[in-house]
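Just the structure for this:
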Amino acid sequence: MTAGDVAAQQEQPWNRQRLRSTNERLLLDRLRAAGAASRAQLARETGLSKPTVSSALASLEAAGLVHEVGTHAPERGRTAVLYAPDPAAGYALGIDVGRSWLRVAVADLDGAVVARSDVRNRARSSGAMADLVVATARQVVASSGVAPEEVVHAVVGTPGVYDQKQRRVRYAMHLPGWGRAGLFDRMREELGVPLEVHNDANLAALGEYTYGVGAGSRLFAYILIGTGLGMGVVSDGRLFTGAHGLAGEIGFLPWPGQHKPERLEDAVSGLAVVEAARRFGMSGQLTAKAVFDAARQGNDAAVKAVQLEGERIAHTVAAAAAVLDPDLVVLGGGVGHSVDLLLKPVHDNLRALTPLRPQIAPSRLGEDAVLLGAVATALGTARDVVFERRSAAS
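Numbers count the residues shown, from 1 in each chain. Now for the predicted structure:
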């Protein structure tokens with residue numbers, strides 16, 4: 001018995017219960033962070049005595065929070081049982097609401113996606129969009145085989161900024177009516193799950209930090225270029241949102257338009273690529289993807305439009321570099337899929353604009369960045385909720 005264990009026995013009952021809970025959470029967090037381990041290994045790494053570890057693991061196993069996942073046979077000594085968190089102890093729901101697509105996924109506590117659905121957003125009103133979110137989320141949960149009550153937390157990624165006081169989204173210009181009060185309260189009630197709302201670029205940054213190229217970065221900026229323009233900033237693993245949640249709203253930066261002042265979002269977006277291609281002579285029903293595809297085939301107007309987009313992205317990166325000093329800038333969103341064409345003009349123009357040289361990389365997660373960021377954020381809360389519920393019940 002260690003000195004810490006002796007002290008624990010001298011504590012009052014309520015303190016002993018709190019200490020037991022602390023020890024259990026310590027072991028659970030260690031198993032989640034570093035993988036399966038034996039009792040002896042956990043005792044060595046945490047400083048807890050072997051009896052304390054055995055007791056805590058027994059409680060965690062009884063609560064359904066950990067389970068046996070195999071054995072380890074050392075060269076000498078007895079075979080040891082290995083323990084790991086039980087991923088089926090609870091589930092989280094991630095939702096990405098975009099102008100063109102709605103993406104929904106259910107993930108277990110290990111972060112593995114067990115079911116997902118990507119559907120075209122054909123909603124013509126904010127009410128219809130809310131209905132689509134609820135219906136799709138219910139369908140994904142049903143197809144996963146997970147009981148609805150086992151989904152303990154949900155996170156929605158959306159353009160704009162969620163106003164906690166007024167309980168509505170602001171600045172979602174590309175989703176008409178989406179700022180109406182009561183929409184998210186309605187979705188919470190109909191889904192029956194606690195639901196957080198976050199800016200899509202912020203979630204994309206967290207997704208890229210958790211699962212993509214941002215892992216290990218001290219400070220990186222994720223620039224989301226799609227229907228609109230946004231930026232998420234992750235510093236030492238934490239999202240930086242500013243005093244009012246508006247940090248990263250670079251689309252509002254002024255931009256000198258041809259005839260009148262514009263916003264940066266008007267110059268750096270999928271729509272801007274299409275408009276530039278038309279000015280350079282392309283015709284027909286154009287999308288940003290079609291312009292980039294044509295540029296790959298050598299179409300002169302498309303090549304000029306892509307080069308212009310690269311120049312404007314360079315201005316965006318230069319602004320981010322000057323204000324944030326990031327070690328990495330990730331380009332993502334719909335336009336980010338064509339970073340292979342954009343990197344050279346971005347680098348060439350950046351040299352002329354600023355002496356600052358952050359590393360620039362394409363998103364590894366592509367269109368899944370917002371969704372996976374929503375899943376990762378929901379998991380952070382879901383793991384806490386599941387631990388508290390199951391520990392109390394046991």
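
Quick check, Ala105 in contact with Ala376.
No - using Cβ atoms under 8 Å, Ala105 makes no contact with Ala376, being 11.0 Å away. Placement of C-beta: from N, CA and C, glycine included.

all helices for the stretch 151-300 of the chain, in order.
183-191, 200-211, 264-267, 270-279, 288-296, 300-324 (DSSP state H, counting those that start in this stretch).

Just give me the residue closest to the centre of the chain.
Gly373 (1.0 Å; Cα atoms, centre = their mean).

what about Arg116, neighbour count?
Neighbour count of Arg116, defined by other Cβ atoms under 10 Å: 18.

meant to ask about Leu28, not that
Other residues close to Leu28 by other Cβ under 10 Å number 24.

Then it would be within a helix, right?
Yes - the assignment for Leu28 by DSSP: H, G, I helix; E, B strand; the rest coil puts it in a helix.

Looking at Ala105 and Ala376, which is more packed in?
For Ala105 versus Ala376, the count of surrounding residues by other Cβ under 10 Å is larger for Ala105: 24 against 20.

Each with direction, which strands does the helix or strand where the more buried one lies pair with?
Element membership for Ala105, per DSSP states H and E: strand 101-108. Strand pairing for strand 101-108, determined by DSSP bridges: strand 91-97 (antiparallel), strand 113-120 (antiparallel).

pLDDT (mean, whole number) over the first one?
Put plainly, it is strand 91-97. For strand 91-97, mean pLDDT rounds to 98.

for the last one, same thing?
The predicted model assigns strand 113-120 a mean pLDDT of 97.

buried residues in that strand?
When neighbours are counted by 16 or more other Cβ atoms under 10 Å, the buried residues of strand 113-120 are found to be 113-116.

right, and the pair among the residues you listed with maximum separation?
Farthest-apart pair in the buried residues of strand 113-120 is Val114 and Arg116; separation 8.4 Å (Cβ to Cβ).

Overlap of the contact sets of those two?
Val106 (Cβ atoms under 8 Å, 6 or more residues apart in numbering).

which residue sits closest to Tyr91 in space, ignoring its chain neighbours?
Counting by Cβ to Cβ, 6 or more residues apart in numbering, the nearest residue to Tyr91 once its immediate chain neighbours are dropped is Val151, at 4.7 Å.

How many residues are close by the one you found?
24.
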